[in-house]
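Engineer: Any chance you could fold what I've pasted below:
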Amino acid sequence: MKKVVIVGGGWSGTAAALAARKAGCEVHLLERADMLLGTGLVGGIMRNNGRFTATEEMIAMGGGELFKICDANSRHKNIEFPGHKNVNLYDVSTIEPAVKNALLAAGINIYLKTRVKDIDLAGGRIGKVFADVFPGNETIELTGDAFVDVSGTAGPQGNCMKYGNGCAMCIYRCPTFGPRLSIAARAGIKEIIGEKPDGTFGAMSGSCKLHKDSLSPAVREELNRTGVCVIPVPPALRKSMDSLGQKACQQYALKEFAENIVLLDTGHAKLMTAYYPLAILRQIPGCANARYEDPYAGDIGNSMRYFGMLPRDNALKVEGLANVFCGGEKAGLLVGHTEAIVTGTVAGHNAARFALGHKPVELPASIACGDAIAHVRERMQTKEGITKKYTFSGANYFQRMQAEGLYTTDIAAIKARVEAAGLTGLFATPISGNEEVWA
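Structural biologist: This next block holds a predicted model:
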């Protein structure tokens, strides 16, 4: 059986693993930390705005397992908060075991606390990766016919120190498990660095998490009952609109997020701002005893991201390497869990296609998932485009979805669109020529 090796176990890596396995390959997934999902461990927002469309497209194409797991583990469904509708909030305390169990049931080989440190490269192809197993007294090597680089773009500590407000001790846990390593970069591919509108590098993660029990009983009750709590911020304590521009999640750069504290219930209380100084936060009603859960130093900042994207084509093959594909933030300035699952699924499926001797597929622009992949690649070639962030859920790309007639919450219409493109069940269909397939 042909082998696909995936480096990185976030939403994109887990999606790639499922897609490659369903296509008919043996799959090995390496993750440097002790749990899967990366920022998905503190995320939670699904199906908001155009993400609803993208989710249903993926389900129609047979790549919907992770979305269904998120739906099944949602604390709140079909809610609204400023600028966002049709929102599901998954429970960050239950999501990782559910995803891990699904991967194991599919027959995927998972290596946790296993950090790739080197590669074997010949003729523009990676043939093998070498990885240290925490705490570093064992090294393993894995050969592969195709590889997927979904190692993310955040860290190491130096980037947060230089371009942010210091190491905020976030979910990435670089000091414990080491910094990310991109196998494509190790192979000599130059990584692309995103910029903020002012020309400085990177972008700050878009939200923090508060310990829910540190908030007032009234706030906790509203969060538990409705999933959302919007608290007006006294004018003297408000953030400027300019400060919202430093966030990776530009869909929240709305005045409502400057004038209010917006909290979402994902198990934690998800604070929809990159950070708030604790001395100021505790002056806001309901937050007198507030405590940060992620990052622990969330009163000074958050993790810095978009320092290591890769040049790729619309099939998500890395340019300059024959057998390496990429997804998630490695694939460009796409922000969010939904976006990571979409690109990871395409990358994993195409890695399997390559390994099995088939031509990779490109999703057409007639569906939102295909249009987003192509549009972001095109925009990243421009000086202005490299300063933007793109997401199905808001800001400039959601506007494009609406203008192009790609946004809809009509599931029947979405299924028809996918069928018209000849893509129904694409990611659920084993690729021909395999002796063994997972069904």
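Engineer: For residue 264, see how far away the nearest residue in space to residue 216 that is not next to it in sequence is.
Structural biologist: Leaving out its chain neighbours, the residue that sits closest to residue 216 by CB to CB, 6 or more residues apart in numbering is residue 286, at 4.2 Å. Every C-beta, even on glycine, is put in place using the N, C-alpha and C of the backbone. Noted for residue 286: a distance of 14 Å to residue 264, by CB to CB, to the nearest Å.
Engineer: quick one, which of the two is more surrounded?
Structural biologist: Per other CB atoms under 10 Å, whichever of residue 286 and residue 264 has more neighbours is residue 264, with 25 against 17.
Engineer: just checking, the residue nearest to residue 216 touches residue 219?
Structural biologist: Yes: counting by CB atoms under 8 Å, residue 286 touches residue 219, with 4.0 Å between them.
Engineer: Find residues that contact each of the two.
Structural biologist: 229, 231 (CB atoms under 8 Å, 6 or more residues apart in numbering).
Engineer: Low-confidence ranges, the stretch 101-250 of the chain, go.
Structural biologist: Scanning the stretch 101-250 of the chain for pLDDT under 70 picks out the ranges 240-250.
Engineer: Can you show me the strands along it?
Structural biologist: Secondary structure of the stretch 101-250 of the chain by DSSP state E, counting those that start in this stretch: the strands cover 109-111, 114-122, 125-133, 138-143, 146-149, 203-204, 208-210, 228-232.
Engineer: where in the stretch 251-400 of the chain is pLDDT low?
Structural biologist: 251-254.
Engineer: Mind doing that once more with 50?
Structural biologist: Scanning the stretch 251-400 of the chain for pLDDT under 50 picks out nothing.
Engineer: All the helices of the stretch 151-300 of the chain, in order from the start?
Structural biologist: Ranges of helices in the stretch 151-300 of the chain, per DSSP state H, counting those that start in this stretch, are 157-163, 174-177, 183-186, 217-226, 241-244, 255-259, 278-281.
Engineer: starting at the chain centroid, how far to the longest one?
Structural biologist: Read that as helix 217-226. Its chain's C-alpha centre and that of helix 217-226 lie 28 Å apart, by CA atoms, centre = their mean, to the nearest Å.
Engineer: repeat for the third one
Structural biologist: Relative to the chain's own centre, helix 183-186 is displaced by 20 Å; criterion: CA atoms, centre = their mean.
Engineer: What is the neighbour count of residue 226?
Structural biologist: Neighbour count for residue 226, taken as other CB under 10 Å: 14.
Engineer: got a list of what it touches?
Structural biologist: 76, 79.
Engineer: repeat that with 7 Å
Structural biologist: Listed by CB atoms under 7 Å, 6 or more residues apart in numbering, the contact set of residue 226 reads residue 79.
Engineer: go on, residue 6?
Structural biologist: Residues near residue 6 by CB under 7 Å, 6+ apart: 13, 16-17, 27-30, 148, 150, 348.
Engineer: Looking at these, which are in strands?
Structural biologist: Of the contacts of residue 6, the ones assigned to strands by DSSP state E are 27-30, 148.
Engineer: How about the contacts made by the residue nearest to residue 170 when sequence neighbours are not counted?
Structural biologist: Distances taken as CB to CB, 6+ apart put residue 295 closest to residue 170, at 3.7 Å, once the chain neighbours are dropped. Residue 295 makes contact with 168-170, 208, 302-303, according to CB under 7 Å, 6+ apart.
Engineer: hang on, the earlier thing: with the contacts of residue 6 in mind, which one is nearest to residue 110?
Structural biologist: Within these, the smallest distance to residue 110 is 5.2 Å, found for residue 29 (CB to CB).
Engineer: The closest one and residue 106, how far apart?
Structural biologist: For residue 29 relative to residue 106 (CB to CB), the value is 11 Å.
Engineer: Comparing these two, which shows the higher neighbour count?
Structural biologist: The neighbour comparison of residue 29 against residue 106 (other CB under 10 Å) goes to residue 29, with 28 against 15.
Engineer: show me the contacts for that one.
Structural biologist: Listed by CB under 7 Å, 6+ apart, the contact set of residue 29 reads 6, 9, 13, 17, 108-111.
Engineer: Please tell me how far the residue nearest to residue 170 sits from residue 159.
Structural biologist: From residue 295 to residue 159 the distance is 14 Å (CB to CB).
Engineer: State the distance from the residue nearest to residue 216 to residue 279.
Structural biologist: Distance from residue 286 to residue 279, counting by CB to CB: 16 Å.
Engineer: Equivalent analysis for residue 89, please.
Structural biologist: Distance, residue 89 to residue 279, using CB to CB: 29 Å.
Engineer: Give me the spatial nearest neighbour of residue 58, chain neighbours excluded.
Structural biologist: Leaving out its chain neighbours, the residue that sits closest to residue 58 by CB to CB, 6+ apart is residue 64, at 5.2 Å.
Engineer: how close does the one you found sit to residue 55?
Structural biologist: Separation of residue 64 from residue 55 (CB to CB): 7 Å.
Engineer: higher neighbour count, the two?
Structural biologist: residue 55 (28 against 20).
Engineer: how far does the helix or strand hosting the more buried one sit from the chain's center?
Structural biologist: Assessed by DSSP states H and E, residue 55 sits inside helix 50-60. Chain-centre distance of helix 50-60: 15 Å, with CA atoms, centre = their mean.
Engineer: Perfect, that will be all.
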